[in-house]
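Chemist: Quick one: sequence and predicted model below, then my questions.
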Amino acid sequence: MTRNWRDYNFFMLGCVLVLTGFSLALVYSATKHGVYVGNGTYATGYFVRHVGNIAVGIAAMLVFTFIDYHAFQSWAWPLYLAAIVLLAIVLLKGTVRGGAQSWLDFGVRSLQPSEIAKLLIVMALAAFWARNESRGDTWMVQFGSLILAGVPLGMIFIQPDFGTAFVVMTLWAAMAWSAGMRPWQIVLLLLIFIPVAYLGWTHVLDDEQRSRLLIFTDPDKYDPTGLGDSWNIRKALEAIGTGGIAGQGWLKGPLTQTGILPVAYTDFIFAASGEELGFVGSTLMILFHCIMLWQGVNIAQSARDTFGRLLAVGITAIFFCHIMVNIGMNMTIMPVTGIPLPFISYGGSFTLITFAAVGLLQSVALRRRKITFG
């Protein structure tokens with residue numbers, strides 16, 4: 001299909017580049033003195049790896065931009081099966097980090113299959129609904145889409161990675177609504193997850209994991225000393241509060257620079273931005289995220305076919321969910337689930353997938369018109 005470069009979304013590209021600039025500044029600040037990895041040991045080299053991850057991500061974005069997105073419609077099912085296989089392998093041989101068995105460790109590098117799975121689930125759902133477009137309002141098709149999302153969702157939930165499981169549920173709901181499913185039908189199908197969630201809560205999670213999910217509701221109740229699971233969110237709020245309007249200044253945040261703010265380069269990087277860049281800098285960062293989401297919606301609305309529209313909706317839903325949950329947990333209005341902030345947080349698998357997803361959005365944008373001559 002012919003590309004029309006007049007349709008390239010430069011607003012989205014600009015937002016990605018600006019947010020990447022924020023990311024480089026914040027990750028450098030949070031890791032310049034090393035990252036505490038336990039047993040009195042500090043690891044270095046995070047910023048250099050982050051630059052490498054971004055470089056690979058940008059390359060992936062360019063590659064996916066030039067690939068006609070319809071190619072992924074043809075490969076959706078093999079890619080979906082590959083995602084299931086990866087999730088099965090991580091359940092059998094995965095490495096535990098942060099209380100979740102979500103990683104495959106290859107020594108020098110590691111891989112988080114659930115990050116890849118999110119994008120492949122979007123492709124599979126978009127292909128499924130596009131193929132069944134004429135009968136998309138039937139219960140058979142609706143339930144089939146729920147099964148497609150539910151199988152990998154369940155495997156991710158068992159790890160347990162609740163943040164990613166929530167993202168998968170959100171992207172399914174957004175795509176289902178865009179595919180024509182009525183809101184009451186979406187709610188009815190989501191109710192199926194209630195008994196599954198209850199079983200997971202009572203039989204999969206231990207007391208410590210349940211406490212980590214509930215602690216944001218009342219830190220004093222679940223961690224009276226403030227030295228346990230509530231330490232992260234207490235320090236995140238403290239960092240945001242000390243930043244004030246203009247911030248302490250880049251490289252001058254006391255909690256970020258001393259390492260008192262935990263994982264300030266990943267999960268709590270928004271708190272680090274609040275401390276060093278203040279309300280103004282953090283709000284500006286949110287603004288660019290919002291513009292990026294807006295452009296994702298515009299691309300979905302102008303897509304030339306159902307597959308392209310649903311692909312754009314699913315990707316935009318992933319970004320929205322990550323932004324909402326990460327900022328929410330930094331401000332203690334949502335549970336801490338280890339969800340990174342798009343284009344800001346440090347991370348290998350996540351960085352690669354987010355940039356590749358932007359490339360897919362650009363692929364949809366570039367091919368939204370049919371070019372004719374004569």
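Modeler: The structure has been received and is ready for your questions.

Chemist: any idea which residue sits dead centre in this protein?
Modeler: A centroid search over the chain (C-alpha atoms, centre = their mean) returns His322, at 4.3 Å, as the residue closest to the centre.

Chemist: After the helix or strand harbouring Thr316, which helix or strand is next?
Modeler: Element membership of Thr316 [criterion: DSSP states H and E] is helix 306-330. Per DSSP H and E, the first helix or strand lying C-terminal to helix 306-330 is helix 348-366.

Chemist: elements contacting that next one?
Modeler: Contacting helix 348-366 under the criterion 3 or more C-beta pairs under 8 Å, 6 or more residues apart in numbering; DSSP states H and E are the following elements: helix 10-31, helix 46-66, strand 110-111, helix 113-131, helix 269-302, helix 306-330. Quick note: C-beta positions are derived from backbone N, CA and C, even for glycine.

Chemist: could I get these as a markdown table with distance to Ala246 and mean pLDDT?
Modeler: Listed next are the helices and strands packed on helix 348-366 as a markdown table, based on distance: least, C-beta to C-beta, whole Å; pLDDT from 0 to 100:
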| stretch | distance to Ala246 | mean pLDDT |
| --- | --- | --- |
| helix 10-31 | 15 | 97 |
| helix 46-66 | 25 | 97 |
| strand 110-111 | 38 | 86 |
| helix 113-131 | 35 | 96 |
| helix 269-302 | 4 | 97 |
| helix 306-330 | 19 | 97 |
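
Chemist: Which of those sits closest to Gln362?
Modeler: Smallest distance to Gln362 across the helices and strands packed on helix 348-366 (C-beta to C-beta): 4.3 Å, for helix 46-66.

Chemist: thinking again about what came up before, between helix 269-302 and the helix holding Thr316, find me the angle.
Modeler: 160 degrees (axes from the mean of the first three to the mean of the last three C-alpha atoms, to 10 degrees).

Chemist: Does anything pack onto helix 306-330? Which helices or strands?
Modeler: Packed against helix 306-330 by the contact rule (3+ C-beta pairs under 8 Å, 6+ apart) you find helix 70-74, helix 113-131, helix 162-178, helix 231-243, helix 269-302, helix 348-366.

Chemist: and the fourth one, what's its mean pLDDT?
Modeler: Here the mean pLDDT over helix 231-243 is 94, rounded to a whole number.

Chemist: following it, which helix or strand comes up?
Modeler: helix 254-258.

Chemist: For the nearest residue to Ser114 once chain neighbours are set aside, give its distance to Gly45.
Modeler: Across the structure, with C-beta to C-beta, 6 or more residues apart in numbering as the measure, the residue nearest Ser114 apart from its sequence neighbours is Thr164 (4.6 Å). As for Thr164, its distance to Gly45 is 26 Å (criterion: C-beta to C-beta, to the nearest Å).

Chemist: Which residue of those two possesses the greater neighbour count?
Modeler: Using other C-beta atoms under 10 Å as the criterion, Thr164 and Gly45 rank with Thr164 on top: 27 against 10.

Chemist: which ones are touching that one?
Modeler: Under the criterion of C-beta atoms under 8 Å, 6 or more residues apart in numbering, the neighbours of Thr164 are 102, 114-115, 118, 156, 339.

Chemist: can you list contacts of stretch 116-128?
Modeler: The list of residues contacting stretch 116-128 from outside it, by C-beta under 8 Å, 6+ apart, reads 72-73, 75-77, 79-80, 82-83, 86-87, 141, 144-145, 148-149, 152, 156, 164, 167-168, 171-172, 175, 306-307, 310-311, 314-315, 318, 349, 353, 356-357, 360.

Chemist: at 7 Å what do you get?
Modeler: Under the criterion C-beta atoms under 7 Å, 6 or more residues apart in numbering, residues 72-73, 76-77, 79-80, 82-83, 86-87, 144-145, 148-149, 152, 164, 167-168, 171-172, 175, 307, 310-311, 314-315, 318, 349, 353, 356-357 lie in contact with stretch 116-128.

Chemist: filter those residues to the buried ones?
Modeler: 72-73, 76, 79-80, 83, 86-87, 145, 148-149, 152, 164, 167-168, 171-172, 175, 307, 310-311, 314-315, 318, 349, 353, 356-357 (16 or more other C-beta atoms under 10 Å).

Chemist: what's the closest non-adjacent residue to Ile339?
Modeler: The shortest distance from Ile339 to any residue other than its chain neighbours is 4.0 Å, reached at Gly163 (C-beta to C-beta, 6+ apart).

Chemist: Gly226 now?
Modeler: Counting by C-beta to C-beta, 6+ apart, Gly226 lies nearest to Arg234, which is 5.7 Å off, once chain neighbours are set aside.

Chemist: For Val96, which three-state class applies?
Modeler: Judged by DSSP: H, G, I helix; E, B strand; the rest coil, the three-state class of Val96 is strand.

Chemist: Number of residues surrounding it?
Modeler: As a burial measure, Val96 scores 10 neighbours (other C-beta under 10 Å).

Chemist: residue contacts, it?
Modeler: For Val96, counting by C-beta under 7 Å, 6+ apart, there are no contacting residues.

Chemist: do Ile260 as well
Modeler: Applying C-beta under 7 Å, 6+ apart, one finds that Ile260 lies in contact with Lys235.

Chemist: With Gln209 instead?
Modeler: When the contact criterion is C-beta under 7 Å, 6+ apart, the partners of Gln209 are 99, 160.

Chemist: Next one, pLDDT for it please.
Modeler: pLDDT, Gln209: 71.

Chemist: Can I get the helix or strand containing it as CSV, trimmed to CA atoms?
Modeler: The secondary structure element spanning Gln209 is helix 207-214 (assigned by DSSP H and E). Listed in CSV are the C-alpha atoms of helix 207-214, where the atom choice follows Å, rounded to 0.1, in the frame of the first residue of the first chain:
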residue,chain,number,x,y,z
ASP,A,207,-0.2,-11.9,52.7
GLU,A,208,2.7,-9.6,51.7
GLN,A,209,1.5,-9.3,48.1
ARG,A,210,-2.0,-8.5,49.3
SER,A,211,-0.7,-5.9,51.6
ARG,A,212,1.3,-4.2,48.8
LEU,A,213,-1.9,-3.8,46.8
LEU,A,214,-4.0,-2.5,49.7
